[in-house]
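J.: Generate a structure from the sequence data that follows.
(chains A and B)
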Amino acid sequence: MTAVSTPASLQRSMHAMDNAEVLRIRNDFPVLDQLVNGKPLIYLDSGATSQNPLSVIEAEQEYYEQRNAAVHRGAHHLAVEATEVFEDARQTVADFIGARYEETVWTSNATEGLNLISYALSNAALWAAQGRGGSGLKDLAIGPGDEIVVTEMEHHANLIPWQELAFRTGATLKYIPVTDEGILRLDAAGDIVGERTKLLAFTHASNVLGTINPVPELVAMARRVGALVVLDACQSVPHMAVDVKELDVDFAVFSGHKMLAPTGVGVMYGKQELLDVMPPFLTGGSMITTVTMERAEYLPAPQRFEAGTQRISQAVALATAVNYLTETGIDRIHAWETELGQRLVKGLESIDGIRVVGPASGLERIGLAAFDVAGVHAHDVGQFLDDRGIAVRVGHHCAQPLHRRLGLTATTRASTYLYNTTDDVDAFLDAVSGVRAYFQA
Amino acid sequence: MSLDQLYQQIILDHSKQRHGSGLAETDAPDGTSTGQSHQLNPVCGDEVTLRLAVSDGTVQQISWDGAGCSISMASASVLSELGEGMSVAELHSVIDNFREVLRSRGKIQADPEILGDAAAFEGVARYAARVKCAMISWVAAEDALNQATA
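T.: This next block holds a predicted model:
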């Protein structure tokens, strides 16, 4: 467990974000400038989906106004231009996460990325069984007696694909437990990740608890037994500097719409040596070399995993979003959101009848907090807040097993981003403090 | 539309003092048929299991078990209070009326003569995301009623 602190390098090298800067940032986001139920919108649901700055919206529009064409085919001017911006976008996003161009695969979103990995791995078992593909495939093949390990804090997107992979291959799914405080139990993990473990999948940062998981320790456990590591980076890449090479994970996924980009685009990162031997998931046009009546040969990554016409405008917009984050400074954003997260938790802890899930104030967490209100259902809390123009998420946040583990069915979650001020957090806290009285709880 | 019109006092009261809460025994005397239905709203996790008994064309008992928001719990409570003693046809027609009001986006006013306390849910019709909360136990009742009279 790490106490919250701002790295010295950050303190030295750049000035911290403040409310004045955030208000200037907010001017770039048209959707945030509106009244909801007669009150100024306070958007605290970026953990579900973030808003788009004008530059991102315009990038998509500009693509359609000036360059739209099918990429990777056709010799005409527009096709060349479209291919160029599409592949430039890939390089921009690859650079942002420390990956190589060839290792950065477009997907619809993180969920599709995780399913891609899951299906490619069960295809690896099928291919290996029939002697198809290289000898490296045997290492990827999962079968009966093998184990897949996830954690109790996973989003359904990083859980169900592995349940289904276990079903298809005859492998067993095991869970690393979390403590009552929402911290991964590394002591137990040491026993669970064993010789039979072929794959370890876990979230970098929990979308419910706010916990940031110790990637190096978990990767080390997987390496000791030769297991693959899949990182769900949905709640980390948008909010903090993530270098996939430094983390040394085998795969990582994230969604564009949680990082200022439109819906419909996401990324699956995979180490090149794995992607080059891994069978494809979706097959069809744009990912082949030679096709005969009987069979096909496939391109190397990334095209190997990008069948059909791609989400070109969204990819271009995602690169624009990355530029926006980079220009603001991802480390500065992380520091600001850490401050907002601590303010959220500290404030919630001081309100009677509120139980915050995840690490207590003072302990490391990302800029979100989920909580239970004694005697009031989360849905009612959300309605009460919406009446005051405050947008939060209510429910199980696609993490039913985690909620069951915590003894809850639903929680309310406030999640921040670079366009939230401390005043937003304070207005939210003020509203929450009136919830129980309103519902006579 | 204010929040107070959604959360009328009668709804808050029913959400706490829940009529019919706790599933009744299934053993039914001769001539009584029963039906049971479980409904789940996967979006929010609201859940209701409702059981009812019918004899001589009359709804004898409505009991339920559930977990969810104040709207869904109050709605189940009001329904069980309102529906007991009604004829099968009456309850069907009240359910139809309730659904019509809730799906009207506020265009159709609730008639307290028909809906009794359930008229208090009129305000829910203006909150599209909450209509399912109010409907969940009524959908269960309709399903259970169909089973009991099949």
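
J.: For burial, what's the neighbour tally of the residue in the stretch 51-200 of chain A that chain B sits nearest to?
T.: Proximity to chain B, evaluated over the stretch 51-200 of chain A using CB to the nearest CB, is greatest for residue A:156 at 10.9 Å. In short, each C-beta sits where N, CA and C put it, glycine included. Residue A:156 has 16 neighbours, counted by other CB atoms under 10 Å in any protein chain shown.

J.: Is the most far-flung residue of chain A relative to its centre within a helix or a strand, and which one?
T.: For chain A, the largest distance from the centre (CA atoms, centre = their mean) belongs to residue A:293, which lies 39.8 Å off. Using DSSP states H and E, residue A:293 sits within no helix or strand.

J.: Same question for residue A:148.
T.: Going by DSSP H and E, residue A:148 is part of strand A:147-151.

J.: how about that strand: buried residues?
T.: The neighbour-count check on strand A:147-151 (16 or more other CB atoms under 10 Å in any protein chain shown) flags A:147, A:148, A:149, A:150, A:151 as buried.

J.: Residue A:148: what's it in contact with?
T.: Neighbour list for residue A:148: A:142, A:162, A:165, A:166, A:171, A:172, A:173, A:174, A:197, A:198, A:199, A:201 [criterion: CB atoms under 8 Å, 6 or more residues apart in numbering or on different chains].

J.: Just among these, which is most surrounded?
T.: Highest neighbour count within the contacts of residue A:148, by other CB under 10 Å: residue A:201, with 28 neighbours.

J.: what's the host helix or strand of residue A:437 packed up against?
T.: Taking DSSP H and E as the definition, one finds residue A:437 inside helix A:435-438. In terms of contacts (3 or more CB pairs under 8 Å, 6 or more residues apart in numbering or on different chains; DSSP states H and E), helix A:435-438 is packed against helix A:378-387.

J.: Enumerate the residues of chain B near chain A.
T.: For chain B, the residues in contact with chain A (CB under 8 Å from any CB of the partner chain) are B:2-3, B:6-7, B:12, B:16, B:43-46, B:67-71, B:127, B:130, B:133.

J.: re earlier: take the contacts of residue A:148 and keep only those in strands.
T.: Taking DSSP state E, the ones among the contacts of residue A:148 that sit in strands are A:172, A:173, A:174, A:197, A:198, A:199, A:201.

J.: ok, so of those, who is nearest residue A:254?
T.: Of all the ones in strands among the contacts of residue A:148, residue A:201 has the smallest distance to residue A:254: 14.1 Å, by CB to CB.

J.: would you list every one of the strands in the stretch 301-441 of chain A?
T.: A:354-357, A:368-373, A:390-391, A:393-395, A:411-415 (DSSP state E, counting those that start in this stretch).

J.: what sits up against stretch A:194-202?
T.: By CB under 8 Å, 6+ apart, stretch A:194-202 touches A:114, A:121, A:142, A:145-151, A:154, A:158, A:162, A:171-172, A:174, A:176, A:184, A:193, A:213, A:218, A:221-222, A:225, A:227-232.

J.: what about the strands in the stretch 51-200 of chain A?
T.: Using DSSP E, counting those that start in this stretch, strands in the stretch 51-200 of chain A cover A:104-107, A:147-151, A:172-176, A:197-203.

J.: Dump those into a markdown table; add mean pLDDT as well.
T.: Output for these, formatted as a markdown table (pLDDT from 0 to 100):
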| stretch | mean pLDDT |
| --- | --- |
| strand A:104-107 | 98 |
| strand A:147-151 | 98 |
| strand A:172-176 | 98 |
| strand A:197-203 | 98 |
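
J.: Can you add distance to residue B:139 and give those strands back as TSV?
T.: Shown next, in TSV, are the strands of the stretch 51-200 of chain A (distance: least, CB to CB, whole Å):
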stretch	distance to residue B:139
strand A:104-107	36
strand A:147-151	34
strand A:172-176	34
strand A:197-203	35
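
J.: closest to residue A:373 out of those strands?
T.: When the strands of the stretch 51-200 of chain A are compared by CB to CB, strand A:197-203 sits nearest residue A:373, at 25.1 Å.

J.: list the contacts for whatever residue of chain B ends up closest to chain A?
T.: Closest to chain A within chain B is residue B:69: 3.7 Å, counting by CB to the nearest CB. The neighbours of residue B:69, taking CB under 8 Å, 6+ apart as the test, are A:377, A:378, A:379, A:380, B:44, B:46, B:130, B:133.

J.: Run through the strands of chain B in chain order.
T.: B:32-40, B:47-55, B:58-67.

J.: Do me a favour and average the pLDDT over the longest one.
T.: The pLDDT scores in strand B:58-67 average 94.

J.: Same question for stretch A:367-376.
T.: Model confidence over stretch A:367-376, given as mean pLDDT, is 98.

J.: Now do it: distance from first to last residue.
T.: One end of stretch A:367-376 to the other measures 24 Å (CA to CA, to the nearest Å).

J.: For that stretch, buried residues please.
T.: The neighbour-count check on stretch A:367-376 (16+ other CB under 10 Å) flags A:367, A:368, A:369, A:370, A:371, A:372, A:373, A:376 as buried.

J.: Pick out whichever of those sits closest to residue A:109.
T.: Among the buried residues of stretch A:367-376, and counting by CB to CB, the member closest to residue A:109 is residue A:368, at 19.0 Å.

J.: Chain neighbours aside, what residue packs nearest to the closest one?
T.: Setting aside the residues directly before and after it, residue A:368 is nearest to residue A:415 in space (CB to CB, 6 or more residues apart in numbering or on different chains), at 3.6 Å.

J.: ok, what's across the strand from the one you found?
T.: Note on residue A:415: beta-bridge partners residue A:45, residue A:368, judged by DSSP bridges.

J.: could I have the longest helix seen in chain B exported to PDB, CA atoms only?
T.: Longest helix in chain B by number of residues (criterion: DSSP state H): helix B:131-148. C-alpha atoms of helix B:131-148 as PDB (Å, rounded to 0.1, in the frame of the first residue of the first chain):
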ATOM      1  CA  VAL B 131     -40.400   3.400 -15.400                       C
ATOM      2  CA  LYS B 132     -38.900  -0.100 -15.200                       C
ATOM      3  CA  CYS B 133     -38.400   0.300 -11.500                       C
ATOM      4  CA  ALA B 134     -42.100   1.000 -11.000                       C
ATOM      5  CA  MET B 135     -43.200  -1.800 -13.400                       C
ATOM      6  CA  ILE B 136     -41.000  -4.700 -12.200                       C
ATOM      7  CA  SER B 137     -43.500  -6.100  -9.600                       C
ATOM      8  CA  TRP B 138     -46.400  -5.500 -11.900                       C
ATOM      9  CA  VAL B 139     -44.800  -7.500 -14.700                       C
ATOM     10  CA  ALA B 140     -44.200 -10.200 -12.100                       C
ATOM     11  CA  ALA B 141     -47.900 -10.100 -11.000                       C
ATOM     12  CA  GLU B 142     -49.100 -10.300 -14.600                       C
ATOM     13  CA  ASP B 143     -46.900 -13.300 -15.200                       C
ATOM     14  CA  ALA B 144     -47.900 -15.000 -11.900                       C
ATOM     15  CA  LEU B 145     -51.600 -14.300 -12.700                       C
ATOM     16  CA  ASN B 146     -51.200 -15.900 -16.100                       C
ATOM     17  CA  GLN B 147     -49.700 -19.000 -14.500                       C
ATOM     18  CA  ALA B 148     -52.300 -19.300 -11.800                       C
END
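
J.: Quick one: distance of that helix to the chain centre.
T.: How far helix B:131-148 lies from its chain's middle: 6 Å, per CA atoms, centre = their mean, to the nearest Å.

J.: got it, and stretch A:354-364?
T.: Averaging C-alpha positions (CA atoms, centre = their mean) puts stretch A:354-364 21 Å from its chain's average.

J.: wait, does that stretch contact chain B?
T.: No. Using CB under 8 Å from any CB, we find that stretch A:354-364 stays clear of chain B, coming within 15.3 Å at best.

J.: picking up where we left off before, what lines up beside the strand holding residue A:148 in the sheet?
T.: For strand A:147-151, pairing defined by DSSP bridges yields strand A:172-176 (parallel), strand A:197-203 (parallel).

J.: got the contact list for residue A:186?
T.: A:214, A:217, A:218.

J.: how about the residue most central in space within chain A, what does it touch?
T.: Centroid check for chain A by CA atoms, centre = their mean gives residue A:234 as the closest residue, at 0.6 Å. Taking CB under 8 Å, 6+ apart, we find residue A:234 in contact with A:110, A:155, A:157, A:203, A:204, A:207, A:253, A:254, A:255, A:258.
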